[in-house]
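# Provide a 3D model corresponding to the input given below.
(chains A and B)
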Amino acid sequence: MKDINIVIEICGSAGEGTISAGEILSRFMSSQGFEIMSFDSYPAEIRGFGKCVAHTRISSDLIYSPGKLADVLIALNDNHAISQLSSLKENGMLIYDSQPPKPHKEDKSVVGWAKPGMISYGIPLNMLAHKAAGSARGMNMVALGALAALFHVNKQGFTDSIKTRYSKKKQIVIDSNVNSFLEGYNWTKENIKKIDSYSFEGIKLSQKKEKLIITGNQLVAQAALDANLTFYAGYPITPATKIMEILSKELPKHGGTLLQTEDEIAAIGAVIGAGYGGKRAMTATSGPGFALMTEFTGLSVMAEVPAVIINSQRAGPSTGMPTKTEQSDFNSAIFGGTGDCPRIVLAPSDTKSCYEATVLALYLAEKYQTLVVVLLDFFLSNSIKNIEIPQKPSPEYLKANIAPNIDDLKDYQRYKLTENGISPRAIPGTPGGIFFSTGLEHNEYGRPDYSQSCHLKMTQKRFKKFNSVLFEAPKPEISGTGKSEFDIGVISWGSSAGAAHEAVMSAQKQGINASSFSSMMVSPFPKKALIEFSNKCKKILIPELNFSGQFAKFATSILKRPVEKLNFITGRPMASEDILQKIRDM
Amino acid sequence: MPDIDHYIIIGNGPAGNHAAITLRKKDEDARITIISDECVPFYYKPRLTDFIADKTDKKDLIVRSVESYKEKDIRIRMGQKVTQIHLDSKSIFLQHMEKINYTKLIIASGSRARILPTMTAYAPYLNFITSYTDVMEYKKKIQEANKIFIFGGDLVGFKFLKTLVAMGKEVTIMIDPNAFWPFNLNNNMLDKIFSSLSKLNVSVIIKDAISTIEKHENFFSVKTRKGIEKTVDMVFSLNGLTPNIEFAKGSGIDYDRGILVNEYLKTNVNSIYACGSCAQIYNPSIKSYTTSIGWPNAVSQGEVSALNLLGDHKVIKAAGRKYFDLEGVKIKTTWWEDIDDES
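Now for the predicted structure:
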C-alpha cells in the first residue's frame, strides 16, 4: 500500500467552470476517503473574463496547509495558464487542450512554455466537449475525465459526484456534464501513453468517517446559528459576503433577523443596538468595512455591550486586493480605535476552528459584555476542507449573560465595580433594571462622570474583565511538548498556523529539533504560555502574511528577545514549504 | 522581418544540440529554439536499455541539463511536436496548434522505429526502444514479464537482448536480415550471429518470418511461417530506424527516405538545413544520397549545418567508416564506398 500527497490546479477563465470542476474534484476525493484542502483564486471584478484557479491538495494523510506548488496543472485557458505555470513543480504534469478552435500565436500556448522536465498531456478538450454536448462548456468535465483516466480513479464514483453536483439542474445539464466527463475519460484511456507515476490505485487510507466538506465562511454561519445568533446586520464585502448570504436564508428559519444596512457603520451600530437589547448579534466584514466599524467599536467597549465582528482579512490597505489573502489587520483588530479600548480578538487557525471561534466569540461577548473580533482571512473564509462534523456547543455557551439578582435590582448599578470587573447586565425591560448607557465615561449607574477617579476606576474595570478571559480560551497549541528544549520554535497565528505546524512536523522528520506554538486567542494574549515556550527555544521564527511583521512586533514586545521574521504578501496562503526552508536556513 | 534572427532546430538529439550550441557560439544575439517531441532534455539513447533494467536512473540518461540551455540562452520546447512547415510564411505549426515564425530552420528530427510493411497490422501489439517515451510506457511491465519475443534485432536490439537475459527473462529473437537498414545482413553474417547468440541461452530464429501475432488476455502467441509458435508476455519490434520527417512532407522541402540535402547540408530551400539521421546527404563523388547514423556523425553534421546556416560554406566531411561489433560481425555506420576507415 502506498501514500499520496498531490496538488492539482485547474486554471481557466471566469465562466469556464474552473471553480465547479475544482469543487467536484474535492468532493469526489473526499468521498473516496482522502483528506482534501482546496481554495479558489478568482478576479475581484464581477464581470469580465479574469483568471480563475481551483487549487486542491489531496492526501492520504492529514493536511494542514494547501501546498505551495502544484503537481498537476489543468489548463482550460492557455492565456491564463501560462502565468500559472510558475506555480507548477519543475517535474509537474500539464494537461492542456490539444485542439483549440484556432491556432495559437507564438508563445500564446501554455504547452509552448512547458517547464523542463514536466510531462504534458494534450487532450482535445474543446473538441471532445463539442462532441459530448455540442459546446465548449463541458471542457472542464472533459479535463476531469482525462484526469480520472490518467490517475486510475473510480470512474463510476466520479460520475456520481458530477450528478450530485448538478442534481438541482435540468437533466440535460446533468447528461451534458456526465457525457463530457466520459468523453475525456475514454479518449484519454485510448490515446494517451501514460508516462507519469501518479495513481490513486491502491492508496492506503485511514478509516472513512462521515465528513463535512465546507468552507470557513460556511462554518462561521453554521456556528452562529448553533450558538443562538438572533440578529445579524451587515453590508456585503468580499471575502465575508458568504456568511451574510447563508444567514439571510437560514437565520429567519431559526427565528432570527438579518438586516442589510446601507454601510458598515450602520451595520455595527445595529449590532450594538441589538446587543444592548439582549440579542446575540454579530456582523461580518473585511478590512475596509472594519475600518468604518472602528468608529463604533469603542461604544461596545465603553457601554459594555456585546458585539461580535467577523473580519475576514484581505490584502490591504484600503480596498486593496479583495480576492487575495493576507494577515494584515492584526494591529487594527487589536489596537484599532480610540482610547484605551480593550477587546477580545480570536484568530482561528483552520477551517474547523472557525466554528469553535464563532461559538466562543458569541459566548465571550455576552459574558464579558464587550467587543469580540474574529480574524479570518480570505483563505480561511473560502478554502474548502473536509472535516469531521463539529460538536454543537454545550448549553453553557448558549446563554452566558450574567443577569442582576433581586438584590442588585434594588439599587441597580449597570456598571457596578465587581471583583472580576463584570457587572450584572439587565436586559432592557427588566423590572428595576433601568440604566443609562452612553459612549461617555460614566459612573456605576451609567451617568456621565468625567472625574479623574471615575475614569481611572472604570478604565481599570474594563481591563480587569479580561483577566479571566484567558481561562475560557482554548489552550495554545504546542507541538513536541515532551521535550524541554528546542533548537527552533515557530510561533504563528491565524491561518499561518497550519502551515507552521506542518513545516515543524516535516522538520522533525528531517531530524531538526523544532516545535510550534499558536493561540486562537490573540487578545488578550496568553503571555505566560508564550514566554514559557520561548524559554525552551534557542531561536524563534514568526511567519505571517503581512509586510511589516505585525504579530512579530507584538510578540517581541512580550518576549523581549530577537526573533526571525518570515513575511509574505503574495496574496496566497502561507506555504509550509517556505517555513520549512526558513527553518533549515536558521 | 523580425529585429533579430530566430533559429529553430527541430530535434533534440546530438545533431540538433550541437547545431544549437554552434549557433550560439557564432551568434550571441539570435533567438535559438530547440523543439523536441519528448518530455526529457537531451538524453543518451544507448543507455535506454540499462534504464529499462534499472541499472541507470533518469539522471544518468541526461546528456545536457536544462540549466545549461538557460545559461546559453537557448529555449528548449519539450513535449512539442512539429506537424507542418509553411515555407511561404516561414513558420512551423506545432501539434498543440501553435504557430512559430523562424528566420532559419535546421531539421534534426532523427529517426523513429521502423515497422516492416508486413507487420503494420500488428503495430498495436509491438513495443519499441527508440525513445524515452516508449520506454516509460512499458518499463514496469517489462520488469514483470517473463517471456519476451524480439523481432528484427538491429543494433539496439542486441544490447537489449543481453539486458533481458541478465534480467532473467526468457528471450526469443527472430533475426531479420533487413533490421539493420540501410545495411542488410547476408547469410554468413546471420549464421555467425546465430552461433554467438545461442551461447547466451537465447532462443534464436533465423531465415524465418512472422506469420501471425495473436493477442490474448494476458499474453501473445507468435507463430512463424516455418511453424514455430511462442507464447510470450511482450513482443518487441527492433527493425532499425526510419527518418522522422512526416511534418516536412508536402511543405515543398525535397525528401526521399530522409530530407534531401546537398553536401553543405542545405535543403532545396535556402533557409532550411537538415542533419543527423533524418537527412539524406548528397555525395558528389558517388553522385548519390546517403544516410549516416551514429553519434559522431550526428555531432559533426549538426555543427556543419549550423555554420553553413550562418553563411559559411563547409562541406560535410564524410565521417570515417566506423564499425559496430555485432556478435562478431562488423557493421559499418557509413557506407560510402570511397571513404577511408577511421584510424
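# where do the strands sit along the stretch 201-343 of chain B?
B:203-205, B:210-215, B:220-224, B:229-232, B:234-238, B:241-243, B:259-261, B:272-274, B:279-283, B:288-290, B:323-326, B:329-332 (DSSP state E, counting those that start in this stretch).
# Could you say which of those is packed most deeply?
Comparing the strands of the stretch 201-343 of chain B by mean neighbour count (mean count of other CB atoms under 10 Å in any protein chain shown), strand B:272-274 ranks first with a mean of 29. (Each C-beta comes from the backbone N, C-alpha and C, glycine too.)
# what does the average pLDDT come to for that strand?
Mean pLDDT, strand B:272-274: 97.
# what does stretch B:126-136 give?
87.
# By residue count, what's the longest helix in the chain?
Reading this off chain A. helix A:171-191 (DSSP state H).
# Chain B is the one I meant
What stands out as the longest helix in chain B, according to DSSP H, is helix B:295-309.
# can you pull the contacts of residue 174?
You didn't say which chain, so I picked chain A. A:Ile174 is in contact with A:162-163, A:166-167, counting by CB atoms under 8 Å, 6 or more residues apart in numbering or on different chains.
# wrong one, I was asking about chain B
Contact analysis of B:Met174 by CB under 8 Å, 6+ apart lists B:149-152, B:205-206, B:208-210, B:224.
# isn't B:Ser109 right up against B:Leu241?
No - using CB atoms under 8 Å, B:Ser109 is not in contact with B:Leu241, being 11.5 Å away.
# Give me the distance from stretch B:138-152 to the chain's centre.
Distance of stretch B:138-152 from its chain centroid, counting by CA atoms, centre = their mean, to the nearest Å, is 21 Å.
# buried set for that stretch?
Buried residues in stretch B:138-152, counted by 16 or more other CB atoms under 10 Å in any protein chain shown: B:138-139, B:142, B:145, B:147-152.
# any idea which of these is least confident?
B:Gly152 (81).
# what's the closest of the buried residues of stretch B:138-152 to A:Pro524?
B:Lys139 (60.7 Å; CB to CB).
# ok, the residue of the stretch 1-150 of chain B at minimum distance from chain A - how many residues close by?
In the stretch 1-150 of chain B, the residue that lies nearest chain A is B:Val66 (3.5 Å; CB to the nearest CB). Residues lying near B:Val66 (other CB atoms under 10 Å in any protein chain shown) number 17.
# and it, backbone torsions?
phi -60, psi -40 (degrees, to the nearest 10).
# what about A:Glu262, distance to A:Pro236?
Noted for A:Glu262: a distance of 12 Å to A:Pro236, by CB to CB, to the nearest Å.
# So between these two, which is more surrounded?
Legend: neighbour count by other CB under 10 Å for A:Glu262 and A:Pro236, higher for A:Pro236 (16 against 8).
# now that one: how far from A:Gln260?
Separation of A:Pro236 from A:Gln260 (CB to CB): 8 Å.
# what's the answer for A:Gln550, then?
31 Å.
# Look at the closest residue to chain B within the stretch 351-500 of chain A and say how many residues are nearby.
At 29.3 Å from chain B, A:Ala499 is the closest residue in the stretch 351-500 of chain A, using CB to the nearest CB. Residues near A:Ala499, counting by other CB under 10 Å, number 28.
# Identify each buried residue in the host helix or strand of it, please.
In this assignment (DSSP states H and E), A:Ala499 forms part of helix A:496-509. The neighbour-count check on helix A:496-509 (16+ other CB under 10 Å) flags A:496-508 as buried.
# Pull up the pairing partners for the host helix or strand of B:Ile106, direction included.
Per DSSP H and E: B:Ile106 is located in strand B:104-107. Strand pairing for strand B:104-107, determined by DSSP bridges: strand B:6-10 (parallel), strand B:272-274 (parallel).
# just the residues of chain A that are near chain B, which are they?
Proximity of chain A to chain B is confined to A:96-100, A:102-109, A:111-112, A:114, A:116-120, A:122, A:193-195 under the rule CB under 8 Å from any CB of the partner chain.
# any weak-confidence spans in the chain?
Using chain A here. Filtered on pLDDT under 70, chain A yields the residue ranges A:1, A:45-49, A:116, A:206-208, A:481.
# The intended chain is chain B.
Using pLDDT under 70, chain B drops low at B:1-2, B:154-155, B:178-184, B:318-343.
# Recalculate using a threshold of 50.
Confidence mapping of chain B against pLDDT under 50 gives the ranges B:1, B:334-343.
# in the sheet, who's paired with the residue nearest to A:Ile192 when sequence neighbours are not counted?
Nearest non-adjacent residue to A:Ile192, counting by CB to CB, 6 or more residues apart in numbering or on different chains: A:Tyr121, 5.5 Å away. Legend: beta-bridge partners of A:Tyr121 under DSSP bridges are A:Ile95.
# same thing with A:Asn311?
Going by DSSP bridges, A:Asn311 forms beta bridges with A:Thr285, A:Leu375.
# That one: how many residues sit nearby?
A:Asn311 has 25 nearby residues by other CB under 10 Å.
# Chain B versus that one, what's the distance?
Going from A:Asn311 to chain B by CB to the nearest CB, to the nearest Å gives 45 Å.
# From what I see, A:Asp449 and A:Glu441 are in contact.
Yes - counting by CB under 8 Å, A:Glu441 is a contact partner of A:Asp449 at 6.2 Å.
# Find residues that contact each of these two.
If you check A:Asp449 and A:Glu441 against CB under 8 Å, 6+ apart, the residues they both contact are A:His455.
# Tell me the residues that contact both of A:Pro236 and A:Gln260, please.
A:Met244.
# Name the SS class of B:Phe194, please.
Under DSSP: H, G, I helix; E, B strand; the rest coil, B:Phe194 falls in the helix class.
# Would you mind listing what in the stretch 151-300 of chain B touches chain A?
Counting by CB under 8 Å from any CB, no residue of the stretch 151-300 of chain B is near chain A.
# Please tell me how far the closest residue to chain A within the stretch 151-300 of chain B sits from B:Tyr255.
Distance from chain A to each residue of the stretch 151-300 of chain B (CB to the nearest CB) is smallest for B:Phe247, at 14.8 Å. The gap separating B:Phe247 from B:Tyr255 is 11 Å, by CB to CB.
# next one: A:Gln218
63 Å.
# What of A:Asn179?
From A:Asn179 across to B:Tyr255, the span is 43 Å (CB to CB).
# same check, this time on B:Ser285
Separation of B:Ser285 from B:Tyr255 (CB to CB): 22 Å.
# For these two, indicate the residue with more neighbours.
More crowded of B:Ser285 and B:Tyr255, by other CB under 10 Å: B:Tyr255, with 22 against 11.
# right, and that one touches B:Ile245 too?
Yes - B:Tyr255 is within contact range of B:Ile245, at 5.7 Å (criterion: CB under 8 Å).
# shared neighbours, these two?
Here B:Tyr255 and B:Ile245 have no joint contacts, going by CB under 8 Å, 6+ apart.
# burial of A:Glu485, as a residue count?
A:Glu485 has 11 neighbours, counted by other CB under 10 Å.
# who touches it in this structure?
If you count contacts by CB under 8 Å, 6+ apart, A:Glu485 has them with A:513, A:536-538.
# run the last query once more with 7 Å
Taking CB atoms under 7 Å, 6 or more residues apart in numbering or on different chains, we find A:Glu485 in contact with A:Lys536.
# And it, how close does it get to A:Ser515?
9 Å.
# Cool, thanks, signing off.
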